Each structure stands twice: as C-alpha cells, then as structure tokens.
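K.L.:
got a structure for you, letters missing:
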C-alpha cells in the first residue's frame, strides 16, 4: 500500500500512509484509537472502494483496484474485524461458506459443505463440529471460525483487527499457535492490537500510525515497548499506574454467601462468595472468562437474570436489591462491560447518556430540569476530560476512550458510594487508558469504594489495593497489594492453588 | 477532531429533516392549490384540512411515543371504533349522561392499552403480535356491542366536540395567551442561562428566536378565523400535541422512552424499569385513542361498526413520514404532527381533485414508501 490518503468530510483520516507486507510475515499495526488503523484496513479490504481514496494498492506486483470486499477476497485478502461478522443462528459450516456455498443450480450440496468445513477445522486443530450453531460457541472459538472462514477463501493476506480483545489467556495461546502455523505456510498477516505484549511476542515488524500518518516501521527486535508507546502517543508515557497512597475507611459494601444460578438452569455461576470493600479501596477481581466475575457484579446489582441468594450490606446496613434502580438508590454504580451493548445509547447525545442513570437525582422524579442537567453533564465532561465539542455530541461518534468516560460519568452522576467497573479499559487506546486509571485513583482517594473486574493482569495488579481471584464461580485466591504477582493470580484463576 | 466535525453534521441532519418535511408539505400544498385552481388554499378548505388532521394527529402523538419506545400498536383503529361505540351506547342506550359517556371512551382506551402493555411488557409477547390480535379482536367487539348497526348520536353538546368552532374573539384571546406563553418561556430560558453561570442573559436573542413561533400563531388564528374560528377538534389536537411535546422533552418518563427504544439493555442497567414504562406508554396511547374516538364519533354524528378502520396505518405513516424510526429511539412529536398534516393534505387535495378512491390509496402508499426511501438515501450520503 503506497501513499494511501483517505478523507472524510472535514477530516483527513489517512495522510500518505505506506505499508508493505512480505509473504509469511507477521506485521503489527499499532496506534491510538483514531490513528487510522481500521480505516487503512478498510481501504485494503475494499470496504472503501477504489476511487474514494488516494494512493495505490499493489498485490504481488500488480496494482489492484478493489470495487468491493469480494474483489479483495478474490485477490487473497481476508479481514477479520473487531466485531465478529458471523451469523449466530447458522452453523459453523454454513458460516464458513456463507455466500460461497458449494451448490448446483442454486441447490446447496450439504454433504460437501460440511466435509470441506470439517477438513478446514481439522487443519487448524480445532475440535469444533461444523454442524454446531455459531451462537453456541464461546467468543474465542468464534474468532477461530472466522479464521477458518478466511482460509477457506485461500487468503494469502490475513488482517486481524484486535482479535484477542475478548479472549482468555488460553484462547489467545490457541490463536497464536494457529497464526504461527499459517505464517509457516507463507500467509502474510497484518495484526492490529492494543496489547503490546502480544505484539512483541508475535511480530516480525511493527508499524506505528499516529493521526493518519506513519510514524515508523521497524523490526520488532530493535524496539522496546516504551519506544513504541512513545511513538504512538507522541510523548513519553510516565508511570502507567500512578500510585496514590491513602487510608481506607469503613466497609462500604459487604457481601455474604452470594450464590447465583444460570437463568433457567441450576448451574451455579457464582458459588458462595463473600467479600467486603472499604471506602477508598480498589478491589480487583481477576479470573478467566466464564469464571463468574461479571455475574457476581450483576447479581449484587440486581441485574442478574437467573436466581441468586446471599446477603448484601451497604455501609453496615442490610439491604435488599432486586433491580438496578434499587441498587442505585442504595449507592451502587455499575460501569458495565461492553459499552456499546450495555453502556451507551449510541445514537443519543453525551448529555442524554450521562444523565440517564442519575436523572431523578439531577432533576426531579417526574420533570426534567434541562439547565441543571446540562450543567451537571458539562461539569462531568470537564472533570473526566471527555474530548468533544459539546454535550450534544452524539455518543456513537466518540472514540472508545471518550465513550468509556461518558459511561463513567453517567455513574458518577448517581453519586455512588460503591462503584463497580467491569472491563473498564477494553478496546481503548493507551492514552485513554491512562486517563481512566488516573480517574479511578482519584475517585478512590475521594473515598469511593471501587470493585474492578478486568481480564488484563497488569491493570488488575497495577491498580488494585487487593485482588480476589475467581475460578468457576468460586473464590480461589485473595492477595494484598504487597503479595500479588501475575503468576499467583494466574495459578488461582486456572484453579491450580 | 473527527468527532466534533461529525457532530455538526448530525445536528444539521436532524434540522435538515425538519426543513425538508416543511418543504415537502409546501410542495404538496402548492401543487394542490394549482391543480384545484385555487380551491385548496381558501380559509374554508384549510379549516376543513385541519379538521381532517385532528383525529390522525391525536393518534400520531400517542403512536409516536409508542414507536420511540421501540414498540408498535396496530390496534388503534379498532380501539377507536370500540371506544366510540361505548361512548355512543352509554349516551343513547344506557342513558349514563354526557360526562360519564365521555369518560367511558377514555377509560375504555386506557384499559385496553393497559391490557396490550401488560401482555407486551410482562408476558414478553411482541407488541406487533399483541396489537395485531387486538386489531381483529376489538373490531369484533365493536360489531358485537353495536350488533353491526350504526348508532346515531343526537346529543347537541356531544356533537359540539366534533362540529363546533371557537368564537373568533376567543380565538384571538387564545392567540394572545399563546404568544405570552412563548415569550415567557423565552425569557425564562435567558434567565436560567444567567442563574447557572452559562453566560449573560441574552433576552433580546431569545425573543428574536421566538418570532417565527409568534408569527405562526397569528397566521394560524387569522386563517381559522377567516372561516368560522378554530374547530374544537383542532383545539384538542393542539392541546394533545403540546402535552406530547412536554412529555417527550421535559419528563423523565419521556426521556426513558427514548432510552428504552435506543438501547433496552443500557436502559435497564441504568435503573430504568423498562416494563413499567412500556405499560404506561400503551395506556397513554389508549387514553389518546379514547379522546380521538370522541371527536371521530361527534364529527360523524354516529358510531358505526367500521369506524376507525385503517386509522392505525395513518397514525403509523404520520410518525414514519415525520422521521420516527420503527427500530425505536428516534422521532419527534413535531414530526409526527407534520406527518399527520401531510397525510391529511393528500386526502383532502385528492378528494378535491376527485381522484378515485383506489387511486388515492395507491398514491398514499407510494408516498409513504418514497418518503422513507428518500430519508434513507439522505442518511447514506451524510
């Protein structure tokens, strides 16, 4: 890709970007959100057709002009987007061959379809039945099915956009094994990720984008993580986890013997958990995907869909919480995971989103006080440094980091005593992460009790004053700030205690 | 930054939609005025047009709120027929007296809305199915209670609701009150700017901004008074529309409807009781359907077994033409009312032109699809 330039109305998203990829190379593309990585890949994969951008795409020596995704696929370019593009109701096999079903006169040859799908999955060492509906698979397996789908199209260039954002450590390992095998077969890969650790383990070369321009392409072995971060943000990043020593207060929230069941079954997702968190304390909850971390928070918050039992005490007083509104009344706030699905109304404004949970506190129970609402939202935007022109900016147009700040602001406006954070920095760039961390620390210092679930170990270890580890719904470890290490947490999270 | 730029585009897009709707209405009016050789734009016909808008408009205000919450109600036409028939029977057969007869239509509407809302929200039956069932069942109920016969209503006071006009002098008094209200709101807005430290109170600026509204009020009353005064049904529509604007913009309930329609999961986790609010919005639509049924019955002077047939489609079409999204989360009362006016203008103009009945249906249907198509086209480009 030479001198790629792409303009949107009023913005130059890409400005003369050049990127080259060798066969069998693992090439990482990194940069803050909004740096232009995804745009560049959409140009490459034909999402933006030839003519809507400047520059040239050359595949194996021939300049190509892709009119659509199909053209790019025919040229051997496959892209796996951040949001999975599988149809959940269809089977694995149907998904792999979607739009290209082996057929005669429009009648699908099911035997051949499932045979070929089975063979593809076998090649990848995936123990998945091609007749399983995709919706029944975990998110990690779905990702692997996407890769199988790309390979079924004889892809020579594979683009992976944040493939590990939702995967557990072991799933990431499986994925990397497969990617290594593809590499040895000569498949060139462009790998977009915020997780620099992974980037360094896997990459041959690393290209850094910033504000639509290439900052540099270098061999991975000549770079350090610090240098890459500096290139990404254009400044040296100091300590990612700013420390602030302060005293803890009384217990703000105490949970006794909480058990939660899966909806409509008697499978225990959370098994007899007890813990307490004090004012000013950051309590980290670690564990692999499916360990019951989110379910634990959801149950306390009154939002779990299955049955649950246990006792909840807020500031020493026993409370009964059966719905999110009761949780809010009792001073619990919940920055949920997956901000696009559970956190935000994307087509509405920052203002509408921010004041949604605390509307009754900000205005009255029945009438909205427009001015008071707008003042509260503006204040919150300034406090959290949300980068947007006005509170009337539509939430869906913000970058991931700013969206996350809006969700955080929404819950702070309910004036909580206890704040739950579920994967607070997933899919946001390093700069925004750092700001969120600073916010968390500041809030703890002001006396807020914080319970944070995260799949990123450095985050859990760097931010938490105390760490709980869950494994299959059970509490398998508790470590203070002084004793916690990544190894101890992983051991407890995998049940090897 | 890219987000700020896009934001400007968004705001322009919504304003653009409002302007293009007003422009579309103007085109329709000018065409009909030309095609009818000047009959369309006479005070008498405009008064008639407003009268025709009133029932659809009231239904559209309720329907808009249901649609914003991500729901739909296909049964309003049948419910309108049923509530109207109950009121007519209460007045003529059962001799309950006028106040109770009027109240009964509204109560019937609320109860039916309550049933539909309960089934939708608490029994998880999709609103489309519940109200499709309602469309059939309540039409059956109308035929049952009227024994498939038209029930004439002779009560002169009842007929006032549908057939009388406000005295021109009172019309001007109402206009004066409305203008004072608009000015008071403008001054208050300027005042709060200052109170909350958002800058100096810009009284003059706010007053200038309210001039278009004031001009619109004066022109409207002038036109209505040039014929016989404001028709009572139109006055009711205006009151209902104002109520709708108030609910959607200034109450927590209204805000919650947009949240539930925009992202039900996010709404639930933000402490909103989705089910209860959905129940409420169906009951509210029921109440408005009851009011609309009174106007409808009073205008015609009788309750017939097929009263209100296809009215649900007019109401839904009005909302959609007015920019509401059937996916929920988007739509305005102003748009829905404008949509109702466009629909009524088509009816009115085509009747003046003696367009055949079947042709009217074909044209209206095509325009509905075309309007949404244009909207989609515009969205794709921006």
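P.N.:
Looks like it came in fine. Computed from a prediction, not measured in an experiment: that's the story for all the values here. Residues are numbered from 1 along each chain as shown, chains lettered A, B, ... in the order given.

K.L.:
in three-state terms, label the residue in the stretch 51-200 of chain A that chain B sits nearest to for me.
P.N.:
For the stretch 51-200 of chain A, the residue closest to chain B is residue A:52, as judged by C-beta to the nearest C-beta, at 13.1 Å. C-betas here are computed from N, CA, C, even on glycine. Recorded secondary structure, residue A:52: coil (DSSP: H, G, I helix; E, B strand; the rest coil).

K.L.:
next, count neighbours for it.
P.N.:
When counting by other C-beta atoms under 10 Å in any protein chain shown, one arrives at 11 neighbours for residue A:52.

K.L.:
and residue B:336, how far from chain A?
P.N.:
18 Å (C-beta to the nearest C-beta, to the nearest Å).

K.L.:
quick one: pLDDT of the residue of the stretch 51-200 of chain A closest to chain B?
P.N.:
pLDDT recorded at residue A:52 is 82.

K.L.:
phi and psi next, for it.
P.N.:
phi -90, psi 0 (degrees, to the nearest 10).

K.L.:
tell me where the stretch 151-300 of chain A has strands.
P.N.:
Under the criterion DSSP state E, counting those that start in this stretch, the stretch 151-300 of chain A contains strands at A:157-161, A:188-192, A:205-210, A:213-219, A:251-261, A:268-278, A:282-286.

K.L.:
contacting residues around the last one?
P.N.:
So the one you mean is strand A:282-286. For strand A:282-286, the surrounding residues in contact (C-beta atoms under 8 Å, 6 or more residues apart in numbering or on different chains) are A:275, A:277, A:293, A:296-297, A:440-441, A:444, A:449-454, A:457, A:460-461, A:463-470, A:489, A:492-493.

K.L.:
now with 6 Å, please.
P.N.:
A:277, A:293, A:444, A:450-453, A:460, A:463-469, A:489, A:493 (C-beta atoms under 6 Å, 6 or more residues apart in numbering or on different chains).

K.L.:
could you list which of those residues belong to strands?
P.N.:
Secondary structure from DSSP state E places A:277, A:450-453, A:466-469 of those in strands.

K.L.:
ok, back up a step: so the residue of the stretch 51-200 of chain A closest to chain B versus residue A:212, what's the distance?
P.N.:
15 Å (C-beta to C-beta, to the nearest Å).

K.L.:
also residue A:175?
P.N.:
For residue A:175 relative to residue A:212 (C-beta to C-beta), the value is 29 Å.

K.L.:
and the two? which has more neighbours close in?
P.N.:
residue A:212 (24 against 20).

K.L.:
list the contacts for that one?
P.N.:
Neighbouring residues of residue A:212 by C-beta under 6 Å, 6+ apart: A:12-15, A:36.

K.L.:
write the PyMOL selection for whichever of these are buried.
P.N.:
Remark: buried members of those, expressed as a PyMOL selection using 16 or more other C-beta atoms under 10 Å in any protein chain shown:
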select buried, chain A and resi 13+14+15+36
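
K.L.:
just put the contacts of residue A:212 in a markdown table and tack on secondary structure and distance to chain B.
P.N.:
As requested, those are exported to a markdown table (DSSP: H, G, I helix; E, B strand; the rest coil; distance: C-beta to the nearest C-beta, whole Å):
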| residue | secondary structure | distance to chain B |
| --- | --- | --- |
| A:12 | strand | 10 |
| A:13 | strand | 7 |
| A:14 | strand | 12 |
| A:15 | strand | 13 |
| A:36 | coil | 10 |
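
K.L.:
so among the contacts of residue A:212, where is pLDDT lowest?
P.N.:
residue A:12 (67).

K.L.:
which pLDDT value goes with residue A:234?
P.N.:
The model reports residue A:234 with a pLDDT of 67.

K.L.:
what's the answer for the one 3 residues further on, then?
P.N.:
In this model, residue A:237 is scored at 44, pLDDT.

K.L.:
residue B:10 too?
P.N.:
Residue B:10 is assigned a predicted lDDT (pLDDT) of 46.

K.L.:
give me the neighbour count for residue 25.
P.N.:
You didn't say which chain, so I picked chain A. Here the count is done by other C-beta under 10 Å, and residue A:25 has 17 residues near it.

K.L.:
nope, chain B please
P.N.:
16.

K.L.:
repeat that for residue A:343.
P.N.:
27.

K.L.:
now it: closest residue in space, sequence neighbours ignored.
P.N.:
residue A:407 (4.1 Å; C-beta to C-beta, 6 or more residues apart in numbering or on different chains).

K.L.:
now residue A:274
P.N.:
residue A:256 (4.9 Å).

K.L.:
how many residues are close by the one you found?
P.N.:
14.

K.L.:
so how far is residue A:467 from it?
P.N.:
20 Å.

K.L.:
contacts for the host helix or strand of residue A:378, please.
P.N.:
Taking DSSP states H and E as the criterion, residue A:378 maps to helix A:370-384. For helix A:370-384, contacts defined as C-beta under 6 Å, 6+ apart pick out A:351, A:354-355, A:362, A:391, A:405, A:409, A:413, B:192, B:196.
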